[in-house]
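Enquirer: Provided below are the primary sequence and the corresponding predicted coordinates.
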Amino acid sequence: MKLEGIAKAIGKRIKELRELRGLTQEDFNEGIGPINDRTLRRIESGELVNMELLTILRIAERLRVPPAEILNVDVHWKTDVLPSEK
């Protein structure tokens, strides 16, 4: 799983948490600040790979979960994220 796969897993997790709370994307965006509908769609689809920490914090706050709950995906940092040593 490379960064794109991790972004998809995080986006899927955000969507799951949002839907568990019965929020549409429009409802969700009303309380989140400067994240618009298009950006949220890109995050949830995994298209937005390079999310800012502030964005993750705002999403976590809106979902009323700790940021770790959003990032709770099966990632092996040494093999999935870090560049291989040559």
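Expert: That came through fine. Numbering: from 1, shown residues only.

Enquirer: could you use CA atoms for every contact and neighbour count after this?
Expert: Fine.

Enquirer: can you name the element that comes right after the longest helix anywhere in the chain?
Expert: The helix that spans the most residues within the chain, counting by DSSP state H, is helix 3-20. Proceeding N to C from helix 3-20, the next assigned helix or strand is helix 25-30, under DSSP states H and E.

Enquirer: list of residues touching that next one?
Expert: Applying CA atoms under 8 Å, 6 or more residues apart in numbering, the external contacts of helix 25-30 come out as R18, I35, N36, D37, L40, R41, R62.

Enquirer: roughly how far apart are I6 and G33?
Expert: Distance of I6 to G33, computed by CA to CA, to the nearest Å: 24 Å.

Enquirer: need the pLDDT of N36.
Expert: What the model reports as pLDDT for N36 is 81.

Enquirer: grab the nearest non-local neighbour of it.
Expert: N29 (6.4 Å; CA to CA, 6 or more residues apart in numbering).

Enquirer: of the contacts of helix 25-30, which is the most crowded?
Expert: Neighbour counts for the contacts of helix 25-30 (other CA atoms under 10 Å) peak at L40, which has 21 neighbours.

Enquirer: leaving aside the residues next to it on the chain, what's closest to that one?
Expert: Q25 is the one closest to L40 (CA to CA, 6+ apart), at 7.3 Å.
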